[in-house]
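**Q** Give me the fold of what follows.
(one chain, ligands or ions: 1)
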Amino acid sequence: MTGVGPAVVVEQLTKRFGERTAFADVSFEVGYGEVFGFLGPNGAGKTTTVRTLGTLIAPSSGSAVVAGMPLNAENGPAIRARISIMPESPGLYLRLTVVENLQCFAGLYELADARGRIERALRAVNLADRAQDLCGSLSKGLRQRVALARALLNDPAVLFLDEPTSGLDPVAAREVHELITSLRARGVTIFLTTHRLEEAERLCDRVAILNTTLRLVGKPDELRERLFTKKLDVRVRTPLDDPGQVFGALPGVQGWDQVSSGYLLAVSDPDLAAPAVARALVGADADILSIAESRHSLEDVYLELIDEDVEARRR
Ligand SMILES: Nc1ncnc2c1ncn2[C@@H]1O[C@H](COP(=O)(O)OP(=O)(O)OP(=O)(O)O)[C@@H](O)[C@H]1O
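**A** Take a look at the predicted model:
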């Protein structure tokens with residue numbers, strides 16, 4: 001499942017539909033074995049990127065390498081043999097059973113040892129005991145798992161999952177998360193588009209934020225650091241008489257704000273600043289309730305960027 005070099009390389013890729021630009025000038029790389037999150041608002045170009053990298057539509061300009069092969073019409077069949085796409089809507093034959101659906105797709109792929117592959121795929125998604133059920137009788141969550149089994153039939157090196165938990169309840173979504181984690185453990189490279197930011201934060205090694213153009217790529221922690229200053233959240237039983245005197249002269253504390261719950265301190269390194277802050281509070285006779293690093297979520301990062309875009313469009 002692994003290869004030499006990155007699993008996906010995208011360089012200045014652009015897709016236009018007539019006058020409309022779906023995405024423009026997008027460049028990034030995905031390493032083998034990585035879970036790569038692709039985030040962005042509605043209409044940002046995520047699905048079109050997946051369809052382009054999945055060889056379903058041709059880019060307007062730019063270049064890409066997918067599963068080690070340059071993306072072009074000639075390599076289409078070879079790329080398709082090494083990747084899978086699980087689209088947002090599973091598109092199963094509802095009057096056929098689970099196993100009949102998989103047989104049908106194994107036939108289309110002309111896969112050798114279809115029976116063994118189907119058994120393994122069903123086991124991988126914990127559906128072996130539902131093989132004879134009609135797909136039409138399955139819940140949305142189970143249908144999604146059948147679609148995932150279908151995507152696993154060809155043992156893909158790169159798996160594109162387009163909104164795999166869209167419309168699922170929290171339990172069904174968690175099951176899909178566990179499946180993604182187990183696929184990653186098997187070395188499958190996963191390209192995951194999602195609107196669920198907590199899902200991206202939990203599952204992805206790195207994320208990209210797209211809004212027609214690529215806004216940021218990195219590990220969630222790096223993106224937080226790039227966009228936000230670090231903060232210490234300080235809570236005390238009663239407000240300080242003179243917070244400026246307590247926090248003002250502390251090394252590593254760049255500024256402070258009084259908030260309803262206490263004080264938010266801008267710091268260069270929370271681990272270094274916290275003990276000094278604690279000592280200063282004790283020196284000021286304050287009753288400390290807690291001192292903790294205030295963490296920005298990936299959602300904060302996302303909203304900061306997308307809001308910037310909305311503001312820029314208004315100007
Ligand atoms: N076949 C097509 N013809 C014309 N325009 C298209 C086509 N497919 C997509 N688009 C346009 O390209 C843009 C990006 O669409 P895309 O579906 O890739 O966004 P998305 O990020 O996946 O959105 P969502 O999160 O809502 O699924 C949209 O403006 C869309 O209308």
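
**Q** who's in contact with Arg215?
**A** Each residue near Arg215 by C-beta atoms under 8 Å, 6 or more residues apart in numbering is listed here: Ile209, Leu305, Asp309. The way it works is simple: take the backbone N, C-alpha and C, and place the C-beta from them, glycine included.

**Q** ranges for the strands of the stretch 201-315 of the chain?
**A** 206-211, 213-218, 230-236, 253-259, 262-267, 288-294 (DSSP state E, counting those that start in this stretch).

**Q** Of these, give the one that comes closest to the ligand.
**A** The ligand lies closest, by C-beta to the nearest ligand atom, to one member of these: strand 206-211, at 7.0 Å.

**Q** what about the residue nearest in space to the middle of the chain, is that helix, strand or coil?
**A** The centroid of the chain falls nearest to Gly37 when counting by C-alpha atoms, centre = their mean (2.5 Å). Secondary structure, DSSP: H, G, I helix; E, B strand; the rest coil: Gly37 is strand.

**Q** right, and it touches Glu198 too?
**A** No - using C-beta atoms under 8 Å, Gly37 is not in contact with Glu198; the gap is 11.2 Å.

**Q** and the residue nearest to the centre of the chain, what are its bridge partners?
**A** Gly37 has the following beta-bridge partners by DSSP bridges: Leu192, Val207.

**Q** circling back: select from the contacts of Arg215 the one having the most neighbours.
**A** With neighbours defined as other C-beta atoms under 10 Å, the most crowded of the contacts of Arg215 is Ile209; it has 25 neighbours.

**Q** who's in contact with that residue?
**A** Counting by C-beta under 8 Å, 6+ apart, Ile209 makes contact with Leu39, Gly40, Arg215, Leu216, Val217, Leu223, Val301, Tyr302, Leu305, Ile306.

**Q** so what's the backbone phi/psi at Ala172?
**A** Phi and psi for Ala172, reported as degrees, to the nearest 10, are phi -60, psi -40.

**Q** three-state assignment of the closest residue to it other than its chain neighbours?
**A** Excluding the flanking residues, the one nearest Ala172 by C-beta to C-beta, 6 or more residues apart in numbering is Gly141, at 2.9 Å. Assigned state for Gly141: helix (three-state reduction, three-state DSSP).

**Q** Gly62 now?
**A** Classification of Gly62 by three-state DSSP places it in strand.

**Q** Compute the first-to-last residue distance for stretch 120-128.
**A** Start-to-end span of stretch 120-128 (C-alpha to C-alpha, to the nearest Å) is 9 Å.
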